[in-house]
Each structure stands twice: as structure tokens, then as C-alpha cells.
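J.: take this sequence and fold it.
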Amino acid sequence: MEKYWYRKPERVPVWARILSFFFQTKAVIRRILYIVFFFRVYKAKVPVIVVGNINVDGVGKTPVIAWLVQELKRRGYSPGIVGREYGGQAEHWPQQVRPDSDPLMVGDEAVLLARHCQCPMGVGPERVAAIKQLTKYYNVDVIISDNGILHYAMGRDMEIAVIDGERRFGNGYCLPAGPLLEPVGRIDNVDFRINNGGDVQAREYAMQISQQELVNLKDPNKTMRISELNGKRAHAIAGIGKPKRFFEQLVEQGIKVEEHPFEDHHPYQAGELDFGDKDIVLMTEKDAVKCERFAQDNYWYVRMKADIDSDLGRKILESLEKTSQPQGKIDGQQVARHPGMPAV
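T.: Reported below is the predicted structural model:
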């Protein structure tokens, strides 16, 4: 169905639109049940900030979370992070995540965030359980949830939505006819919107992700400028939400790319990256955490940098400071109506 998601709505098959209507209705009813207190909402002891999206595709949440953690640390906060396990194979949850954790056990994105953020982190199928673990064993005063905008059992004090600036919300339909998990009007209810790589619209803040340098997987102290590969041939692998975007960015740098796309969160095995030659193999940092255990001299990952509107950091912190005041605390049951009902 993905071939229809980013085309004109009238091209979507009628049967898919009918199923989409039922999916959307279910999502709205579920949200209403939280609003009328039918389902229980857990309110953490500290403020919770959700960084997420309403699309099924990856939109660039990881660099936003890493940026937000650094902004909070500069202001004297002690942040913690919670998230889903995304393919982790651990038998017991929630799991603490450290920079040296096994990505096959706790998930690739979790390990990547732990390395960038250097703060307490817990993951599991239930974010509420991870929050309880963090607040019990660590002295955190604010929690960032990696996604979870639609996880209404988790109370939150602030929502930050990341939007794909190029493809935005596709044809506007919910699954399976379109790429949305909730009606597009849900985006109007969040506190802040970050536009990743597109024309910034009203109430949005710009973010641009640039490729900075290459880092060798076998020897992380070995780096080189990406411009050194201009005009040269390289294999490029990507097990992310949108491999095509990564490949296109490399081509823009003048690299002759042979593309090798994989499924998101793909569990790489050594033989999969043997392409029969000694050409450089380029990958995202998310892929790299799973390929380090069998790294070769020609394996390199692309270190990315996110440039986010500086005004956004100031406004987020101002809002957080108001929320942290006792009189400004949001009651846990208000989460499902924060700050309004979704458009149907």
C-alpha cells in the first residue's frame, strides 16, 4: 500500500479508504475513552516531554532527542529517556540502556541514543514501566519519551512533533490507505512542531540534518571528510525508515553509490555486507551500532548533525519551567485532552 501513501488521495483504492475510515474511527474513540477517564493515565513524578510523530515512517526523532537532552543539561536539568524496544530480544522488560548495551537485546535506536545523550535510559513494551524504573533508581528531574504521542496511558506535560518536511502527511489518510496513525488534525494539538528538511509552515520550527564526516567502525578514532569520497564508488546500506533519503544525500556529495536498502531495524549478519570487493561500505550511525561486532576496515558510518531553530530551545525551556512549578502542574488525567480533541 505504500505506493499510494504519497500520491493523490483519489488514486487510493476504495476498499483501502473504507478500512482507513474504520482505523481512524477506532483511533478517535480510543482517545475519547482516555478523555472521559475510562482508561487510566499514569502521571509521573517529574515532567514528561514526548518527542514523536503521527506517521508510520521515520521522520528524524533521534537527532531531536539528542539535541533536546543537551539543551536541558545546559540549563541544569538531569534528563532521562524512555522508549520502545524496537526489535530488542531481551526476556525481561523494562531494560536499562547504556552506551555499551547490546543493540540486539535492547534495540538499535536505544543504544544510539544512549551513546549520544549520556543519561539514564530505559526501554520496554510499556513506557510507563520504564518511567517508574527511571524515577525509582535515578535522580532524573525530567523525562523525554522517544515517540509515544499516541501512547495515552503515559501522562505528558509537553508534546513535540517532528514532521517530514518533504512528504509531510502524504495523502492525509490513516492506515492502510495512508501513512497516518491518527487523523492529521492531531498535529494541531501538540505544543511544538519541528519541520525536518522542508518549507517551514505556520507554527513550525526548521531543522536541517547535514552529513559532517565519516567514522570508521573498526577504529572510531579514524575519521575523514565526506568530501574525500567525491567521485569515488561506495556501497551504501541503510536499515532505516527511509533508506532512499540517505542514499540521495550521499549522491549529493558526489559519491557514486551502489544502494543496498534493508528493512527498518534490520538485524545485520556479517555475510550480508560482503559485496565481493573492497569498496568502502557506508551506513547510518543507527546501522553501525549493529555492525560493529563484525566490522571490517572498509566499514564507515556517516556522522550527522542536526541544526534546529535556536528559538525553539528557549521556548521549550520556558514552557518546561512553567510546568515544573507546583501551580502549573498538569493533572495526569488531562493528558488525553492535551491540549484538545483531534480533528476527525
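
J.: against residue 64, how distant is residue 241?
T.: 14 Å (CB to CB, to the nearest Å). The way it works is simple: take the backbone N, C-alpha and C, and place the C-beta from them, glycine included.

J.: if we go by neighbour counts, what in the longest helix along the chain is buried?
T.: Counting by DSSP state H, the longest helix found in the chain is helix 14-35. Under the neighbour-count criterion of 16 or more other CB atoms under 10 Å, helix 14-35 has 16, 17, 19, 20, 23, 24, 27, 28, 30, 31, 34, 35 buried.

J.: show me what contacts the residue nearest to residue 87 when sequence neighbours are not counted?
T.: The shortest distance from residue 87 to any non-neighbouring residue, by CB to CB, 6 or more residues apart in numbering, is to residue 265 (4.3 Å). Residues near residue 265 by CB atoms under 8 Å, 6 or more residues apart in numbering: 86, 87, 107, 108, 109, 239.

J.: domain assignment for this structure?
T.: 2-202+309-337, 211-305 (automatic domain parsing).

J.: ok, of the buried residues of helix 14-35, which one's closest to residue 235?
T.: residue 16 (35.8 Å; CB to CB).

J.: if I look at the residue nearest to the closest one when sequence neighbours are not counted, how far off is residue 7?
T.: Nearest residue to residue 16, sequence neighbours excluded (CB to CB, 6+ apart): residue 177, at 4.0 Å. With distances taken as CB to CB, residue 177 is found 11 Å from residue 7.

J.: what do these two both touch?
T.: residue 171.

J.: more neighbours: which of those two?
T.: Neighbour totals were compared for residue 177 and residue 7, and residue 177 leads with 26 against 12 (other CB atoms under 10 Å).

J.: so that one sits right up against residue 1, yeah?
T.: Yes: with contact defined as CB atoms under 8 Å, residue 177 reaches residue 1; the gap is 7.1 Å.

J.: need the residues touching each of the two.
T.: What both residue 177 and residue 1 touch, as defined by CB under 8 Å, 6+ apart, is the set residue 16.

J.: distance of residue 45 from residue 254?
T.: Residue 45 is 52 Å from residue 254, by CB to CB.

J.: no wait, residue 149
T.: According to CB to CB, residue 149 and residue 254 sit 38 Å apart.

J.: between the two, which is the more surrounded one?
T.: residue 149 (23 against 12).

J.: part of a strand, is that one?
T.: No: using DSSP: H, G, I helix; E, B strand; the rest coil, the assignment for residue 149 is coil, not a strand.

J.: how about the residue nearest to it when sequence neighbours are not counted, phi and psi?
T.: Nearest non-adjacent residue to residue 149, counting by CB to CB, 6+ apart: residue 52, 3.8 Å away. The phi/psi pair for residue 52 (degrees, to the nearest 10) reads phi -160, psi -160.

J.: kindly report the same for the one 3 residues further on.
T.: Dihedral angles phi and psi of residue 55 (degrees, to the nearest 10) take the values phi -90, psi 160.

J.: near it, how many other residues are there?
T.: 24.

J.: quickly list what it is bridged to.
T.: residue 180 (DSSP bridges).

J.: ok, which stretches of this structure are strands?
T.: 48-52, 79-83, 95-96, 121-123, 142-146, 158-164, 192-196, 204-216, 223-225, 233-238, 256-261, 280-284, 299-308 (DSSP state E).

J.: buried residues in the longest one, which are they?
T.: Burial within strand 204-216, assessed by neighbour count using 16+ other CB under 10 Å, is assigned to 204, 205, 206, 207, 209, 211, 213, 214, 215, 216.

J.: give me the helices and strands touching it, please.
T.: helix 61-74, strand 192-196, strand 223-225, strand 299-308 (3 or more CB pairs under 8 Å, 6 or more residues apart in numbering; DSSP states H and E).

J.: now the second one: mean pLDDT?
T.: pLDDT averaged over strand 192-196 equals 96, rounded to a whole number.

J.: what angle separates that strand from strand 48-52?
T.: 30 degrees (axes from the mean of the first three to the mean of the last three CA atoms, to 10 degrees).

J.: given strand 192-196, what are its sheet partners and their directions?
T.: strand 158-164 (parallel), strand 204-216 (parallel).

J.: the first one versus helix 61-74: what angle between them?
T.: For strand 158-164 against helix 61-74, the angle between stretch directions is 140 degrees (the same axes, to 10 degrees).

J.: contacting residues around strand 158-164?
T.: Counting by CB under 8 Å, 6+ apart, residues outside strand 158-164 touching it are 47-55, 57, 59-61, 64, 68, 149, 169, 187, 189-198, 204, 207, 316, 319-320, 323, 338.

J.: now that strand against strand 142-146, angle please.
T.: Using the same axes, to 10 degrees: strand 158-164 against strand 142-146 is 30 degrees.

J.: now do strand 158-164, average pLDDT.
T.: 95.

J.: now do it: distance to the chain's middle.
T.: Averaging C-alpha positions (CA atoms, centre = their mean, to the nearest Å) puts strand 158-164 10 Å from its chain's average.

J.: picking up where we left off before, just flag the most distant two among the contacts of residue 265.
T.: 107 and 239 (12.3 Å).
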